[in-house]
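Enquirer: Sequence below, structure please.
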Amino acid sequence: MTQLNNSVNNDHGFIGTGEPYFYPEEGNPFYFGNPVSFKLSSGFDKKERKSRRKRDAGAALDTVIIPKPAEVEFTTDTFQPKTWAMALMGEASRETAEVQTIADEAAKAVFDGYHQLANGDIDESTLVVNKDGAPLDKSAYVLEAEMGLLQITDASAADAGDDLTVNYKTEATSATAIDGARVTSFKGKIVIDGRDELTGRRLKVTIPSVTLAVDGALDWLSEDFNQLTMKGTAAVGKKGEAPYTAKLYD
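Expert: As a prediction, the model looks like this:
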């Protein structure tokens, strides 16, 4: 018997899930992160020749549809070094700092505000604040150790503006550093290795050439999970591939 394949016996909706990967023009492919949204949108411009004849004025005599390039919009709520770099339109690098021993650094006694020390990330247990060669009691000051900010809190220990010296050690640190707003766009290929949750069929969407840039704001103090939204235009691939290809596996 012939197997029918039409909208009567093959009527399905679509809910997709997937693993998104980005293949930059320079560098290695990487996992984009948890996908919140992935959209491909199409549109068109329309040119019309309108009648100016009295019997049908305003009617279209000729119409030409001009398709617009497909637009790509991708949103993730995963923040790892690569997506952090994209969110800030920069490049991520690793920085490390070794322990430093600082002796007799000049400082000033500040009560209203802070004195900025030469370093941050200070091991607070090693800090000694001296006035006239004698150490102040630790109750006479406070230190914002990560910021390297020193404040005198005991007026009997020093006067505002008095010369001080400080000794301390910094802590060893490692960090991902990103200089933001240094990259204008990210060029490469996107592949979504996905699945239709309603039918269980595997699907794959490939965009061979796209130029992405951030669209939206990063709220550094949001109470909710931040999201990174990238937008761009799907272009013809370097080998002539279609701007995007969708494969629905059996």
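Enquirer: could you say what helices and strands the longest strand along the chain packs with?
Expert: In the chain, ranked by residue count with DSSP state E as the criterion, the top strand is strand 202-214. With contacts taken as 3 or more CB pairs under 8 Å, 6 or more residues apart in numbering; DSSP states H and E, strand 202-214 sits against strand 16-24, strand 35-41, strand 71-76, helix 81-87, strand 186-196, strand 228-235, strand 245-248. C-beta here means a position set from N, CA and C on the backbone, and glycine is covered the same way.
Enquirer: please redo it, this time with the cut-off set to 6 Å
Expert: Judged by 3 or more CB pairs under 6 Å, 6 or more residues apart in numbering; DSSP states H and E, strand 202-214 is in contact with strand 186-196, strand 228-235, strand 245-248.
Enquirer: These: which one's closest to residue 34?
Expert: strand 228-235 (10.6 Å; CB to CB).
Enquirer: quick one: the closest one to strand 186-196, angle?
Expert: Angle of strand 228-235 versus strand 186-196, following axes from the mean of the first three to the mean of the last three CA atoms, to 10 degrees, is 100 degrees.
Enquirer: List the contacts of strand 228-235.
Expert: 69-76, 83, 87, 207, 209-212, 215-216, 243-244 (CB atoms under 6 Å, 6 or more residues apart in numbering).
Enquirer: Tell me the spacing between the residue nearest the centre of the chain and residue 198.
Expert: Centroid check for the chain by CA atoms, centre = their mean gives residue 87 as the closest residue, at 2.0 Å. In this view, residue 87 and residue 198 are 32 Å apart by CB to CB, to the nearest Å.
Enquirer: returning to what we had before: contacts only, for the residue nearest to the centre of the chain.
Expert: 218, 228.
Enquirer: Burial check on residue 143, number of neighbours?
Expert: If you count neighbours by other CB atoms under 10 Å, residue 143 ends up with 19.
Enquirer: Which residues does it form beta bridges with?
Expert: residue 150 (DSSP bridges).
Enquirer: The longest strand of the chain - what's its average pLDDT?
Expert: Average pLDDT, strand 202-214: 97.
Enquirer: Just give the strands next to it in its sheet, each with its orientation.
Expert: Using DSSP bridges, the strands paired with strand 202-214 are strand 186-196 (antiparallel), strand 228-235 (antiparallel), strand 245-248 (antiparallel).
Enquirer: Name the residues of that strand that are buried.
Expert: Going by neighbour count (16 or more other CB atoms under 10 Å), the buried part of strand 202-214 is 203, 205, 206, 207, 208, 209, 210, 211, 212, 214.
Enquirer: How far does it sit from its chain's centre?
Expert: Its chain's C-alpha centre and that of strand 202-214 lie 17 Å apart, by CA atoms, centre = their mean, to the nearest Å.
Enquirer: Could you do stretch 91-99 as well?
Expert: Relative to the chain's own centre, stretch 91-99 is displaced by 19 Å; criterion: CA atoms, centre = their mean.
Enquirer: Which residues does it contact?
Expert: With contacts defined as CB under 6 Å, 6+ apart, stretch 91-99 is touched by 81, 85, 169, 172, 173, 174, 175, 176, 177, 178.
Enquirer: That concludes my questions; thank you for your assistance.
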